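Chemist: below: sequence and its predicted model.
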Amino acid sequence: MKTYKIYVDCANCAAKMEEAVKKTEGIADATVNFMALKMNVEFEEGADEKKVLKKALKNARKVDDDIEIEF
Amino acid sequence: MRRKQKKALIRIIIAAVLMVVLGLLSHFTNINEYVLFALYMVPYLVVGYDVLWKAVKGIGRGQVFDENFLMAIATVGAIILQEYTEGVAVMLFYQIGELFQSIAVGKSRKNIADLMDIRPDYANVEEDGKLVQVDPDTLEPGSVIVVEPGERIPIDGIVIDGESSLNNSALTGESVPVDVGPDSPVNSGGINLSGVLKVRTTKAFGESTASKILELVENAGSRKAKAENFITKFAKYYTPAVVAAAVLLALLPPLVRMAMSVDPLWTQWIYRALTFLVISCPCAIVVSVPLSFFGGIGGASNAGILIKGSNYMETLANIKTVVFDKTGTLTRGNFAVTGVHHSELEDEELLRLAAHAESHSPHPIAKSILTAYGKDIDPTLVSNVKDISGHGVTATVDGHEVAAGNSRLMTTLGVPFTDCHSIGTIVHMAVDGAYAGHIVISDELKEHAKEAVESLKASGVKKTVMLTGDNEATANQIAKELDVNEVHAGLLPADKVTIVERLLTEQKKNETLAFVGDGMNDAPVLSRADLGIAMGALGSDAAIEAADVVLMDDDPLKISKAVRIARKCMRIVKTNIWFAIGVKLACLILGAFGIANMWIAIFADVGVMVLCVLNAIRCLFVKNL
């Protein structure tokens, strides 16, 4: 499991972001911690983490523009 | 206030002033309808342009239940119905709510970050007689670092030179300074108050106490409580349901009225539907719950109680049974040899054999025997060491077959032994298969042990149980002194699991059981209980790993404090959930009957959020609990 710093505007956006990241291919599970502005990600085995995260960020931005993931 | 927030505040003020001016203007003068519309667009766009823009972008992506989209529809709708003031006001208050939320969340984030500001940035290393600041992450264990007065200890280690006192309050919540000198272990995160200390590091930076604690607290929010999951699920269905209801409200009644050939009153029903859309935003509910948990966990860490996740907050609030492991929890665990009885050998010689046999054991009893022996151990004399868990050790020492342990060990070995009537832990000794007497070791109660049990009972814990591997006499005496309900003595580590499992089945639904141990050999029990509480985060990694709650200063009195913090937090979470949902549902019903207008709807949205957030912030204040 890996932890990333994130930025997200509101609690509801955080919940939606979690949903969007979870659905990204290559990600087994994800939890967004709105209060700490952190996200824990569990990758599927053999996933290219950088690529997957890029895709996850793209998916997340579909929900809300102001989302940022530092990786 | 951040730049973004300042900008939002300025926009809000401009729009608010313009709105009031326009309100007065339209009230006292007779402006042309189109001019008035154009004038109202100014504050509307000033305060809402970003929401509208996001809504447009959202539609492109099919985000229909996006709060920007909902706010845009509601306000545009109001303006089309020529309710200009309402349209602007809804947007205005929505933005006030967003701003307030962002300030409140930012404040409590910062509050907690300050509490957790224990990460040391550098370590001083002596190079050619001069002090150089280096990144603590680059230092190997065994490096020598210098900590000057006023500096934070960067890495765990042992003092090799210098005397000082340390403020460990960031770690333990205890503000009384601790004196240290050569050979004292020191933990990273403590602040050096008076003298210069030379410290030999024993761990890498990442493995040091401060890093471990930070990691733990930062990850605490990832384990979500039932209440949190409930609220996220609720929000997922709430918004679509309210929007659907709004559509029905806009269409059904007018159509029915049309069929009955009465005036359909389109405007009225659409206005009511728009009111629904304003209330459909779930943000108030969603933000207050994690904020409450975050505050509660932050407040608890400030008091020296680390709670590993908000789910444990829930468990902690429902504790009805507390099981203590005696040693290290209720008693200090610093055993001292108080007597040597029935010895066939010289007392000195018996201690020498015992000390050598136990020299590899990390058990506190072994340590006290070594202390009592007081001389150096010659490791070449010891061989064949066998550690028999829950029994003792056997070893070959200086050519003699030595067995040191409790009565069970003697029984297993078939050595007849003399029972002891002293209170304490008895280490029986057999040398070359013959009984050689026993060593009496006593432990003392912790300062707050009695109060800890009392205050747990006072805070609603129904049953207190003490488990120990110690003998019956000692256990009963301590149990009586502390007034615990149940005591089980002479246990092996596996027996503790069995007893906890039995106690777990005896519980009623929604009651939980906590096991309190010092984390050394209690890992299985800690994880088997509903809630594992570990003593002694300072020094014991096993405790941090296995437990759900860690008491930083080993004070058992903190258990009841943790329970009270959790109860307060859960109370606030529940109030927030029911208050927010209740007010919103009430406003929906009133809105449907046309009793609540858009002004009330926006209160239901923003007002409830402000109140919930303020209520949630109370979780941070745990000092006087």
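Modeler: Now that the structure is in, tell me what you want to look at. Here the structure is a predicted model, which is why all the values come from computation and not from measurement.
Chemist: please name the residues that touch the residue of the stretch 401-550 of chain B found nearest chain A.
Modeler: Nearest residue of the stretch 401-550 of chain B to chain A (Cβ to the nearest Cβ) works out as residue B:545 at 15.0 Å. Bear in mind the C-beta positions are built from the backbone N, C-alpha and C, glycine included. Residue B:545 sits next to residue B:523 when contact means Cβ atoms under 8 Å, 6 or more residues apart in numbering or on different chains.
Chemist: residue B:139 now?
Modeler: Residues near residue B:139 by Cβ under 8 Å, 6+ apart: B:123, B:125, B:145, B:155, B:201, B:204-205.
Chemist: top of these by neighbour count?
Modeler: residue B:155 (29 neighbours; other Cβ atoms under 10 Å in any protein chain shown).
Chemist: can you confirm that residue is in a helix?
Modeler: No. The assignment for residue B:155 (DSSP: H, G, I helix; E, B strand; the rest coil) gives coil, which keeps it out of a helix.
Chemist: for it, grab phi and psi.
Modeler: phi -140, psi 150 (degrees, to the nearest 10).
Chemist: which residues does the residue nearest to it when sequence neighbours are not counted form a beta bridge with?
Modeler: Once flanking residues are discounted, residue B:155 sits nearest to residue B:201: 4.4 Å by Cβ to Cβ, 6 or more residues apart in numbering or on different chains. Beta bridges link residue B:201 to residue B:157 when assigned by DSSP bridges.
Chemist: my read: residue B:201 touches residue B:145, true?
Modeler: Yes. Assessed by Cβ atoms under 8 Å, residue B:201 is found in contact with residue B:145 at 6.2 Å.
Chemist: between those two, what contacts are shared?
Modeler: Joint contacts of residue B:201 and residue B:145 (Cβ under 8 Å, 6+ apart) are B:139, B:155, B:157.
Chemist: test my guess that residue B:409 contacts residue B:389.
Modeler: No. Contact criterion Cβ under 8 Å: residue B:409 and residue B:389 do not qualify, at 11.0 Å.
Chemist: of the two, which one has the most company?
Modeler: A direct count of neighbours by other Cβ under 10 Å for residue B:409 and residue B:389 places residue B:409 higher, at 22 against 10.
Chemist: where does that one fall, secondary structure wise?
Modeler: Following DSSP states H and E, one finds residue B:409 within helix B:407-413.
Chemist: and the next element down the chain from that helix?
Modeler: strand B:425-431.
Chemist: sheet partners, orientation included, of that following strand?
Modeler: For strand B:425-431, pairing defined by DSSP bridges yields strand B:400-405 (antiparallel), strand B:434-442 (antiparallel).
Chemist: comparing those, which comes out most buried?
Modeler: strand B:400-405 (a mean of 23; mean count of other Cβ atoms under 10 Å in any protein chain shown).
Chemist: relative to chain B, how far out is residue A:2?
Modeler: According to Cβ to the nearest Cβ, to the nearest Å, residue A:2 and chain B sit 12 Å apart.
Chemist: now the phi/psi pair for the nearest residue to that residue once chain neighbours are set aside, please.
Modeler: Sequence neighbours aside, residue A:41 is the residue nearest to residue A:2 in space, at 5.4 Å (criterion: Cβ to Cβ, 6+ apart). Torsion angles at residue A:41 (phi, psi; degrees, to the nearest 10) stand at phi -120, psi 130.
Chemist: still on that earlier bit, tell me which residues touch the residue nearest to residue B:155, please.
Modeler: Contacts of residue B:201 by Cβ under 8 Å, 6+ apart are B:139-145, B:155-157.
Chemist: show the buried residues in those residues.
Modeler: Neighbour-count burial within the contacts of residue B:201 applies to B:139, B:143, B:145, B:155-157; the criterion is 16 or more other Cβ atoms under 10 Å in any protein chain shown.
Chemist: could I get those residues as TSV with pLDDT?
Modeler: Formatted as TSV, those follow (pLDDT from 0 to 100):
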residue	pLDDT
B:139	87
B:143	89
B:145	92
B:155	91
B:156	89
B:157	91
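Chemist: list just the nearest of these to residue B:88.
Modeler: The nearest member of those to residue B:88, counting by Cβ to Cβ, is residue B:155 at 58.0 Å.
Chemist: hmm, residue B:203 and that closest one touching each other?
Modeler: Yes. Contact criterion Cβ under 8 Å: residue B:155 and residue B:203 qualify, at 6.4 Å.
Chemist: ok now the host helix or strand of residue B:563, how far from the chain's centre?
Modeler: Per DSSP H and E, residue B:563 falls inside helix B:557-592. Its chain's C-alpha centre lies 19 Å from the corresponding centre of helix B:557-592 when counted by Cα atoms, centre = their mean, to the nearest Å.
Chemist: can you give me the strands in the stretch 1-150 of chain B?
Modeler: B:123-127, B:130-134, B:144-147 (DSSP state E, counting those that start in this stretch).
Chemist: before we move on, what about chain A?
Modeler: For chain A, applying DSSP state E gives strands covering A:2-7, A:27-33, A:38-43, A:68-70.
Chemist: and the third one, what's buried?
Modeler: Within strand A:38-43, the residues that qualify as buried by neighbour count (16+ other Cβ under 10 Å) are A:38-41, A:43.
Chemist: just the first one next, same as before
Modeler: The neighbour-count criterion (16+ other Cβ under 10 Å) identifies A:3-4, A:6 as the buried residues of strand A:2-7.
Chemist: for the closest residue to residue A:24 other than its chain neighbours, which residues are in contact?
Modeler: Spatial nearest neighbour of residue A:24, chain neighbours left out: residue A:56 (4.2 Å); criterion: Cβ to Cβ, 6+ apart. Residues in contact with residue A:56 (Cβ under 8 Å, 6+ apart) are A:20-21, A:24, A:27, A:30, A:41, A:69.
Chemist: which one of the residues you listed has the most neighbours?
Modeler: That'd be residue A:21 among those, by other Cβ under 10 Å, with 27 neighbours.
Chemist: pLDDT value on that one, please?
Modeler: pLDDT recorded at residue A:21 is 93.
Chemist: please report how far it lies from chain B.
Modeler: 13 Å.
Chemist: what helix or strand is residue B:526 located in?
Modeler: helix B:523-528.
Chemist: same question for that helix, mean pLDDT?
Modeler: Rounded mean pLDDT across helix B:523-528 is 84.
Chemist: could you say what helices and strands that helix packs with?
Modeler: Counting contacts by 3 or more Cβ pairs under 8 Å, 6 or more residues apart in numbering or on different chains; DSSP states H and E, helix B:523-528 packs against helix B:493-506, strand B:512-517, strand B:531-535, helix B:541-546.
Chemist: any idea of the mean pLDDT for the helix or strand just after the last one?
Modeler: Remark: after helix B:541-546, the chain's next helix or strand is strand B:549-551, criterion DSSP H and E. Here the mean pLDDT over strand B:549-551 is 88, rounded to a whole number.
Chemist: what does strand B:549-551 rub up against?
Modeler: The contact list for strand B:549-551 (Cβ under 8 Å, 6+ apart) reads B:216, B:304-308, B:312, B:316, B:514, B:531-537, B:543-544, B:558-559, B:562.
Chemist: that one pairs with which strands, parallel or anti?
Modeler: Partners of strand B:549-551 in its sheet, by DSSP bridges: strand B:305-307 (antiparallel), strand B:531-535 (parallel).
Chemist: figure out how far it is from the centre of its chain.
Modeler: Relative to its parent chain, strand B:549-551 has a centroid offset of 8 Å by Cα atoms, centre = their mean.
Chemist: quick one: buried residues of it?
Modeler: So strand B:549-551, judged by 16+ other Cβ under 10 Å, has buried residues B:549-551.
Chemist: from chain B, how far out is the residue lying farthest from the centre of chain A?
Modeler: The C-alpha centroid of chain A is most remote from residue A:46, which lies 18.1 Å away (Cα atoms, centre = their mean). Distance, residue A:46 to chain B, using Cβ to the nearest Cβ: 24 Å.
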